[in-house]
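A.B. asks: Got a predicted model here, sequence first, then my questions.
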Amino acid sequence: MAKSDEVFLSGRGVTKVYGFGDKKTVAVNKVDFDFHKGEIISIVGESGSGKTTLAKMLLGLHSVTSGEIYYNGKLRDIRSTRKKRAYWKGIQAIFQDPFSSFNVFNRIDTLLLDCINMRGQKDLPYDKKVELMTEACSFVNLKFAELTKKYPFELSGGQMQRLMIARIFLLKPQILIADEPTSMIDACSRATILDMLLKLREEINMTIIFITHDIGLAYYVSDSVYIMEHGVFVEKGTADDVILHPKADYTKRLINDVPKIYEEWDLSTV
Ligand SMILES: Nc1ncnc2c1ncn2[C@@H]1O[C@H](COP(=O)(O)OP(=O)(O)OP(=O)(O)O)[C@@H](O)[C@H]1O
């Protein structure tokens, strides 16, 4: 399965302003986007360009100052807690630091059981729940039986991020926002995590929105790329168009800043 023509999440004039007067920051400035079902989109930009702010608005964790977000063909409405909960059944996230997203005093099995309950399967017999948790863990090459009584702090960063993917496997959201999910782990675990996310997209035809400063990574994983600078999209298109034939100066600079292994590095300018 892959990208379809069906637009699943879109935005028109989406803007976020923090603060007032002298302290005002326009973090995201009138952006338009169309994300399709099953598509992998990367939002690429340097630190402070507004990527995380946009991700938080998409997740409904930050309010939108102006503009509209459409979900599944309708204007998104998350004004009540009930509506917000229903929205979160369809959209989930994994973040840079997997340890920051969870109560570290909850055991691993509690963390996974919560996902089964959120899926509306609270009344399943416990052995059936164990079967589901075991399947989710083996999807990410973890052994549920060895993890079940452990706490998050007893896991490595890479294992914890894999567990986050097991969570997504259980929740089966239609959209996943992955905000720099591999930036805190080593290169080898990074490739494994990326491949698991790609496998998950195949499995459940999920839309994945990747937030990253790494344009090389964006090229590796994405169907579409949106380049963000100072809160606006300076360029967007297919990964091939944007990265092989960049038009905006900012995109060209991001590409040129990627160190090439066969070139001598000029450290005098660093
Ligand atoms: N809660 C906040 N209150 C005020 N300003 C904020 C807040 N969060 C972000 N900003 C500002 O909004 C701008 C965009 O920040 P944002 O975190 O969205 O960028 P980013 O591209 O995700 O950066 P990074 O890659 O470093 O996470 C920055 O100028 C930042 O200082």
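C.D. replies: Looks like it came in fine. Residues are numbered from 1 along each chain as shown.
A.B. asks: list the helices and strands the longest helix along the chain packs on?
C.D. replies: For the chain, the helix that runs over the most residues, judged by DSSP state H, is helix 187-204. Judged by 3 or more CB pairs under 8 Å, 6 or more residues apart in numbering; DSSP states H and E, the packing partners of helix 187-204 are helix 126-139, helix 157-171, strand 175-179, helix 215-221. In short, each C-beta sits where N, CA and C put it, glycine included.
A.B. asks: Swap in 10 Å and give it another go.
C.D. replies: strand 40-44, helix 126-139, helix 157-171, strand 175-179, strand 207-212, helix 215-221 (3 or more CB pairs under 10 Å, 6 or more residues apart in numbering; DSSP states H and E).
A.B. asks: and Gly60, which of the ones you listed is closest to it?
C.D. replies: Of all the helices and strands packed on helix 187-204, the one in closest proximity to Gly60, counting by CB to CB, is strand 175-179 (10.8 Å).
A.B. asks: Given that closest one, what are its sheet partners and their directions?
C.D. replies: strand 91-94 (parallel), strand 207-212 (parallel) (DSSP bridges).
A.B. asks: Let me know the angle separating that strand from helix 187-204.
C.D. replies: 170 degrees (axes from the mean of the first three to the mean of the last three CA atoms, to 10 degrees).
A.B. asks: what's the spacing between strand 175-179 and its chain's center?
C.D. replies: Relative to the centre of its chain, strand 175-179 is centred 2 Å away, using CA atoms, centre = their mean, to the nearest Å.
A.B. asks: Please name the residues that touch Ile116.
C.D. replies: Residues near Ile116 by CB atoms under 10 Å, 6 or more residues apart in numbering: Lys122, Leu124, Lys128, Lys129, Val130, Leu132, Met133, Ala136, Leu170, Leu171.
A.B. asks: Could I have the buried ones of those residues as PyMOL selection syntax?
C.D. replies: With 16 or more other CB atoms under 10 Å as the burial test, the buried ones among the contacts of Ile116 are selected in PyMOL as follows:
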select buried, resi 129+130+132+133+136+170+171
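A.B. asks: Surely Pro128 and Gln121 touch.
C.D. replies: No Pro there; residue 128 is Lys. Yes: counting by CB atoms under 10 Å, Lys128 touches Gln121, with 8.2 Å between them.
A.B. asks: related to what we said a few turns ago, tell me the buried residues in the longest helix of the chain?
C.D. replies: Ser189, Arg190, Thr192, Ile193, Leu194, Met196, Leu197, Leu200, Arg201, Ile204.
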